[in-house]
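>>> Coordinates only, no sequence provided:
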């Protein structure tokens with residue numbers, strides 16, 4: 001039912017899209033890709049390849065290729081997946097190896113809360129408020145992010161602030177007491193990025209791949225931004241992405257929403273009106289170096305690294321196995337033309 005509703009919305013967006021190519025042009029492209037890929041190219045619509053500005057739709061992975069690549073066991077070794085899929089394990093790993101990352105002050109396993117070598121059993125909203133009040137008072141932090149241990153796509157991420165704690169806790173208290181979360185310090189984002197959008201931590205997504213010869217490659221790179229007052233930047237949660245020119249470390253011209261959220265394209269942030277084109281991402285080279293080093297320490301062959309930028313440099317927010325590489329592919333301009341495409345596909349055959 002959910003898929004039917006989401007697909008109905010996508011169809012509605014497609015039919016109302018004034019930027020789509022002519023019916024004859026779309027028909028030719030769909031038939032051409034169908035002939036090449038040997039299956040119906042549903043990705044042609046979901047990845048907005050039907051729009052006038054896309055001149056190379058045949059260079060994009062179809063759904064089978066995409067799923068084969070991200071789910072391939074050669075690309076996701078079972079030894080490393082837990083380090084990336086569980087935020088508690090990942091946070092401890094990064095702190096243990098001195099990677100720049102938000103400090104984890106505590107965590108909870110349902111109603112058992114761990115903080116400062118104490119284990120507290122909390123069963124109601126009143127004591128939950130007292131717990132976080134104590135955390136704020138003893139840690140000297142003004143804001144915390146509460147994140148589900150196995151959440152993804154910005155889901156189950158909540159901001160708590162000392163000044164507005166009671167109001168922010170009320171709608172999530174039951175969820176906190178019945179599930180598993182880590183409690184991390186908030187990131188002080190670089191002022192230049194705050195100018196674009198200050199309400200969320202706007203992260204770089206760097207996709208890394210370890211080739212058969214052992215060399216680490218960065219595939220697609222893009223930057224995500226929140227909007228409309230939201231505190232998360234994930235495309236799947238209503239944010240949008242801007243491709244990055246890897247050679248220059250600058251934003252490209254157009255931002256794009258995920259199709260399920262409207263698929264709108266714009267050249268400036270809808271809230272702040274900041275123009276994206278040629279914005280130089282602070283510490284971009286250092287962020288790429290950090291992604292490569294993380295890949296050395298957690299050598300899952302295909303990973304996605306979410307990296308924030310502060311005044312002091314890049315900070316890793318999280319790592320991801322089986323990363324959704326569709327956005328990175330759009331940023332790159334189609335992975336079929338990537339030099340590693342044949343190798344990626346070949347790995348899925350065994």
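Arrived safely. Given the structure is predicted, the values throughout are model-derived calculations rather than measurements.
>>> and residue 96, how far is that from residue 161?
Taking CB to CB, to the nearest Å as the measure, residue 96 falls 29 Å from residue 161. (Glycine included, C-beta is placed from N, CA and C.)
>>> Which one's more surrounded, those two?
More crowded of residue 96 and residue 161, by other CB atoms under 10 Å: residue 161, with 14 against 8.
>>> got a list of what the more buried one touches?
Each residue near residue 161 by CB atoms under 8 Å, 6 or more residues apart in numbering is listed here: 142-144, 168.
>>> Of those residues, which is the nearest to residue 349?
Of all these, residue 349 sits closest to residue 144, with 45.8 Å by CB to CB.
>>> Figure out the helix or strand that the nearest residue to the closest one once chain neighbours are set aside lives in.
Nearest non-adjacent residue to residue 144, counting by CB to CB, 6 or more residues apart in numbering: residue 160, 4.7 Å away. Using DSSP states H and E, residue 160 sits within strand 157-161.
>>> Output the contacting helices and strands for the following helix or strand past that strand.
Next helix or strand after strand 157-161 toward the C-terminus (DSSP H and E): helix 165-169. Contacts defined by 3 or more CB pairs under 8 Å, 6 or more residues apart in numbering; DSSP states H and E place helix 165-169 against helix 125-139, strand 157-161.
>>> Contacts only, for residue 278.
Contacts of residue 278 (CB under 8 Å, 6+ apart): 250-251.
>>> Please report phi then psi for it.
Residue 278 adopts backbone torsions of phi 70, psi 10, taken as degrees, to the nearest 10.
>>> Just the pLDDT at it, thanks.
pLDDT for residue 278: 97.
>>> just residue 232 next, same as before
Residue 232 carries a pLDDT value of 71.
>>> With residue 9 instead?
Per-residue pLDDT puts residue 9 at 75.
>>> Is residue 227 in contact with residue 274, as I believe?
No. Using CB atoms under 8 Å, residue 227 is not in contact with residue 274; the gap is 11.4 Å.
>>> shared neighbours of the two, anything?
With CB under 8 Å, 6+ apart, residue 227 and residue 274 have common neighbours residue 197.
>>> neighbour-wise, which of those two wins?
With other CB under 10 Å as the criterion, residue 227 and residue 274 differ in neighbour count, and residue 227 comes out ahead with 20 against 15.
>>> Against residue 107, how distant is the closest residue in space to residue 56 that isn't next to it in sequence?
Closest residue in space to residue 56, ignoring its immediate chain neighbours: residue 334 at 5.7 Å, by CB to CB, 6+ apart. The gap separating residue 334 from residue 107 is 41 Å, by CB to CB.
>>> Settle it for me: which of the two has more neighbours?
residue 107 (21 against 18).
>>> Enumerate every residue touching the more buried one.
Residues near residue 107 by CB under 8 Å, 6+ apart: 88, 113-114, 149, 180-183.
>>> who's it bridged to?
Note on residue 107: beta-bridge partners by DSSP bridges are residue 114, residue 182.
>>> Run a quick neighbour tally on residue 295.
By other CB under 10 Å, 22 other residues sit near residue 295.
>>> Wait, it touches residue 302, no?
No. Residue 295 is beyond contact range of residue 302, at 9.9 Å (criterion: CB under 8 Å).
>>> overlap in contacts of these two?
Common neighbours of residue 295 and residue 302 (criterion: CB under 8 Å, 6+ apart): 208, 210.
>>> quick one: terminal-to-terminal distance for stretch 98-114?
Counting by CA to CA, to the nearest Å, you get 22 Å between the two ends of stretch 98-114.
>>> repeat for stretch 269-277
Stretch 269-277 end-to-end distance (CA to CA) = 11 Å.
>>> and residue 131, how far is that from residue 115?
7 Å.
>>> Likewise for residue 30?
56 Å.
>>> Would you state the strands of the stretch 1-150 of the chain in chain order?
Assigned by DSSP state E, counting those that start in this stretch, the stretch 1-150 of the chain shows strands spanning 104-109, 112-115, 118-121, 143-148.
>>> In TSV, list these along with mean pLDDT and distance to residue 45.
Below are these laid out as TSV (pLDDT from 0 to 100; distance: least, CB to CB, whole Å):
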stretch	mean pLDDT	distance to residue 45
strand 104-109	98	41
strand 112-115	98	46
strand 118-121	96	50
strand 143-148	95	31
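>>> Could you single out the most deeply buried of these?
Counting by mean count of other CB atoms under 10 Å, strand 143-148 has the highest mean neighbour count of the strands of the stretch 1-150 of the chain, with a mean of 21.
>>> Check which helices and strands that one sits against.
With contacts taken as 3+ CB pairs under 8 Å, 6+ apart, strand 143-148 sits against helix 125-139, strand 157-161, strand 180-185.
>>> one more time with 7 Å
Here strand 143-148 touches strand 157-161, strand 180-185, going by 3 or more CB pairs under 7 Å, 6 or more residues apart in numbering; DSSP states H and E.
>>> Pick the most deeply packed of those strands.
Buried most deeply of the helices and strands packed on strand 143-148, by mean count of other CB under 10 Å, is strand 180-185, with a mean of 22.
>>> Check which helices and strands it sits against.
Strand 180-185 sits against helix 87-96, strand 104-109, strand 143-148, with contacts defined as 3+ CB pairs under 7 Å, 6+ apart.
>>> Can you give me the buried ones in the next helix or strand after that strand?
Counting by DSSP H and E, the element after strand 180-185 in chain order, helix or strand, is helix 191-194. Across helix 191-194, burial judged by 16 or more other CB atoms under 10 Å covers residue 193.
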